[in-house]
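Undergrad: One predicted model, sequence on top.
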Amino acid sequence: IFAWGIDCWFIVIAYVLFMVTLASREAANRTKYVFKGMGPTILGALLINVTVVGLWAFGLIIKPTPIFNPQYVIPIVGMLLGNSINGVALSLNSILTSLVESQREVELYLSFGATGFEACVSQVRKAIKAGTTPVI
C-alpha cells in the first residue's frame, strides 16, 4: 500500500474506507444495547470525523506531497479512528443504557407534552460527558 499509494490515490482512499468500516464495527460491538441502523450511523459519524479532521490536518498542518501520501495518511487516520472509537462507543453506550433504564421517565416527559429532545436532555448530557471525558 505504501509503495502503490503514492501513485494511486484511490488505493489509499480504499484502505482508509476499510479502516473506517472496521472501526465502526468495533465501536458498535462495544455497546450493551443496539438499535436498527446503528452500524450505518456509526459509519457515517466516523466518516465525517475522519474526513473533516483529516482534510484539516493534511491540507493545513502537515501538507504532505502528494496530499494522499500513505506514509502520513494511514497512520494519522489510524490514530484518529482509535480516539474516535472510544468516544463513540462510550457516548453511544451511555445514551442507550440511559434511555433503556430510564424509559419510564422519558415516556412521562413525553406524555406531559415535552418534545423528544426535552425528554432526553439529561441522558444526552450524560452521554456527551461520558464520551468527552478522557479514559485513564
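TA: Looks like it came in fine. Because the structure is a prediction, the values reported are computed rather than measured.
Undergrad: Please point out which parts of the longest helix along the chain sit buried.
TA: Determined from DSSP state H, the single longest helix within the chain is helix 70-101. Using 16 or more other CB atoms under 10 Å as the test for burial, helix 70-101 gives 70, 72-74, 76-77, 80-81, 84-99. Just so you know, the C-beta spots here come from the backbone N, C-alpha and C atoms, and that holds for glycine as well.
Undergrad: Show me how far the helix or strand of the chain with the lowest mean pLDDT is from its chain's centre.
TA: Ranking every helix and strand in the chain by mean pLDDT, DSSP states H and E puts helix 2-5 at the bottom, with a mean of 76. Between the centre of helix 2-5 and the centre of its chain there are 27 Å (CA atoms, centre = their mean, to the nearest Å).
Undergrad: next one: stretch 90-110
TA: Stretch 90-110 sits 20 Å away from the centroid of its parent chain (CA atoms, centre = their mean).
Undergrad: now stretch 74-94
TA: 6 Å.
Undergrad: who's in contact with the spatially most central residue of the chain?
TA: Nearest to the geometric centre of the chain sits L46, at 3.8 Å (CA atoms, centre = their mean). By CB atoms under 8 Å, 6 or more residues apart in numbering, L46 lies in contact with V20, A23, S24, A27, L81, S84, I85, V88.
Undergrad: Equivalent analysis for S94, please.
TA: S94 touches Q123, K126, A127, A130, G131, counting by CB under 8 Å, 6+ apart.
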